[in-house]
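Engineer: Need a 3D model of the sequence below.
(2 chains)
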There are 2 protein chains.
Amino acid sequence: MTTPAHLTPVPLERAYRLLNHGPTVLVSSAHQGRHNVMAAAWACPLDYAPPKVTVVIDKATYTRALVEGSGRFVLNVPARALAAQTVGVGSDSARDVPDKLHKHGVQTFAVDATPVPLVQGCVAWLACTVIPEPHNQQAYDLFIGEVTAAWADERVFSAGRWHFEDAPDELRTLHYVAGGQFYATGASVRAGD
Amino acid sequence: MTTPAHLTPVPLERAYRLLNHGPTVLVSSAHQGRHNVMAAAWACPLDYAPPKVTVVIDKATYTRALVEGSGRFVLNVPARALAAQTVGVGSDSARDVPDKLHKHGVQTFAVDATPVPLVQGCVAWLACTVIPEPHNQQAYDLFIGEVTAAWADERVFSAGRWHFEDAPDELRTLHYVAGGQFYATGASVRAGD
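Structural biologist: Just a heads-up that it's a prediction; the model follows:
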């Protein structure tokens, strides 16, 4: 698949801002010729520089073995237009539905030297290397990753900042609630308003 | 201070939903007669039952010693009307501005047997007990808490679900970007739409 036309690199010291507003993410992973994409509402920045993130990856997921095997994952931030696909890959496990990406119309692309596929239709991507913390992983399903590269869709993120208000609503990010319902990222609010 | 009129208990098995959409929080804490409130964009659910959360609390904060001393904190989810106060308590440290809560007009109240004050004008509250993880705390400033009680403003959260669309925009939650800018929680999106 081809690289999205609007993909632009994000400086590492600004990468935390891609997750700072708390969007739901898609976790992509690859290992030994297998790859997968799952949804995760529980991802969060952990540090600025070098940027780190946390993400919860349940032991029951197919993704878990790929991330533990390769030591890598990508957090993809889906736009509103990807709501159905996000619920789809979050509901079906590749353990039970081996062709779940095809079933839900999820398409990926490769970029630079990143060995993990990125998800088309997202508006931000953070390529991460696992910082091994076996106790966290075993006790809490909690993974810590260092962000090694990041990109965004320049129509909604540029100069280190989101600007959803300049683009179609379909490019807004999503915040998962439950039962197939999200809230889209809404109005810009300044503290002085 | 009096308890907010619309405060209602949230069953523990639904408490994760108060944070699932990724809002910015205020962390309140108390220890040995001192108390404080700081802002944190980096808070996240960690588990469903018993509910657990993660939150990043920097070593430089006044809050850090109170949380480590008491083993408790409350995550308060501010509504849009509290945007200025959220930036205020997130910018000033009680180390330098001892009366920062008064300066920024932040008011608290007590509820039940919870020894940590809750913040007025918020729309959800999660009372947490620290699960000690010294390595995470020292290496990453990462705290894990078990949620022991939760409440929400019934005008925007009831029957285990947010329903911002039924209430004034001032009650929507906030997602921090940078430089005093937030996005409010926006439109409801269903996967089938």
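Engineer: can we go C-alpha only for contacts and neighbour counts from here?
Structural biologist: Noted.
Engineer: who's in contact with the closest residue to A:Leu7 other than its chain neighbours?
Structural biologist: Once flanking residues are discounted, A:Leu7 sits nearest to A:Asp153: 4.8 Å by Cα to Cα, 6 or more residues apart in numbering or on different chains. Applying Cα atoms under 8 Å, 6 or more residues apart in numbering or on different chains to A:Asp153 gives the contacts A:6-8, A:122-124.
Engineer: any idea how far A:Asp153 is from chain B?
Structural biologist: Between A:Asp153 and chain B the computed distance is 16 Å (Cα to the nearest Cα, to the nearest Å).
Engineer: Please export the C-alpha coordinates of the lengthiest strand in chain A as PDB.
Structural biologist: Counting residues, the longest strand in chain A under DSSP state E turns out to be strand A:142-153. C-alpha atoms of strand A:142-153 as PDB (Å, rounded to 0.1, in the frame of the first residue of the first chain):
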ATOM      1  CA  LEU A 142       1.100  -2.800  31.000                       C
ATOM      2  CA  PHE A 143       3.700  -2.100  28.300                       C
ATOM      3  CA  ILE A 144       6.100   0.800  28.200                       C
ATOM      4  CA  GLY A 145       7.400   1.900  24.800                       C
ATOM      5  CA  GLU A 146      10.000   4.500  23.700                       C
ATOM      6  CA  VAL A 147       8.900   6.400  20.700                       C
ATOM      7  CA  THR A 148      11.500   6.200  18.000                       C
ATOM      8  CA  ALA A 149       9.700   7.900  15.200                       C
ATOM      9  CA  ALA A 150       6.400   9.700  14.700                       C
ATOM     10  CA  TRP A 151       4.300  11.100  11.900                       C
ATOM     11  CA  ALA A 152       1.000  12.900  11.500                       C
ATOM     12  CA  ASP A 153      -1.500  14.000   8.900                       C
END
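Engineer: Over to A:Arg95: give its phi and psi.
Structural biologist: With angles defined as degrees, to the nearest 10, A:Arg95 sits at phi -60, psi -40.
Engineer: Please name the nearest non-neighbouring residue to it.
Structural biologist: A:Tyr62 (5.9 Å).
Engineer: what residue ranges in chain A score low on pLDDT?
Structural biologist: Along chain A, the model assigns pLDDT under 70 to residues A:1, A:193.
Engineer: Residue numbers of it in contact with chain B?
Structural biologist: A:17, A:20-24, A:41-47, A:56, A:80, A:83-85, A:87, A:140, A:142, A:161-162, A:175-178, A:180-192 (Cα under 8 Å from any Cα of the partner chain).
Engineer: In helices, which of those appear?
Structural biologist: Judged by DSSP state H, helices contain the following of the residues of chain A next to chain B: A:83-85, A:87, A:140.
Engineer: got those residues as TSV, with neighbour count columns?
Structural biologist: Listed next are these as TSV, based on neighbours: other Cα atoms under 10 Å in any protein chain shown:
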residue	neighbour count
A:Ala83	24
A:Ala84	19
A:Gln85	22
A:Val87	23
A:Tyr140	17
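Engineer: with those residues in mind, which one is nearest to B:Ala149?
Structural biologist: Closest approach between these and B:Ala149, by Cα to Cα: A:Tyr140, at 20.3 Å.
Engineer: thinking again about what came up before, ok, which pair from the ones in helices among the residues of chain A next to chain B is furthest apart?
Structural biologist: A:Ala84 and A:Tyr140 (28.0 Å).
Engineer: quick one on the thing from earlier: compare the contacts of A:Asp153 and tell me which has the most neighbours.
Structural biologist: Within those, most neighbours by other Cα atoms under 10 Å in any protein chain shown means A:Ala124, with 28 neighbours.
Engineer: picking that back up, the following helix or strand past the longest strand of chain A pairs with which strands, parallel or anti?
Structural biologist: Of the helices and strands lying after strand A:142-153 in sequence (DSSP states H and E), the nearest is strand A:157-158. Take DSSP bridges as the rule and strand A:157-158 pairs in its sheet with strand A:161-162 (antiparallel).
Engineer: how distant is the partner strand from the center of its chain?
Structural biologist: Between the centre of strand A:161-162 and the centre of its host chain there is 16 Å, according to Cα atoms, centre = their mean, to the nearest Å.
Engineer: what's that strand in contact with?
Structural biologist: Strand A:161-162 is touched from outside by A:17-18, A:156, B:177, with contacts defined as Cα under 8 Å, 6+ apart.
Engineer: hmm, try it at 6 Å
Structural biologist: Contacts with strand A:161-162, where a contact means Cα atoms under 6 Å, 6 or more residues apart in numbering or on different chains, come from A:Val156.
Engineer: try stretch A:119-128
Structural biologist: By Cα under 6 Å, 6+ apart, stretch A:119-128 touches A:72-79, A:107-108, A:145-153.
Engineer: Buried only: go through those for me.
Structural biologist: A:72-79, A:108, A:145-153 (16 or more other Cα atoms under 10 Å in any protein chain shown).
Engineer: Tell me how many other residues crowd A:Ser28.
Structural biologist: Around A:Ser28 there are 25 residues (other Cα under 10 Å).
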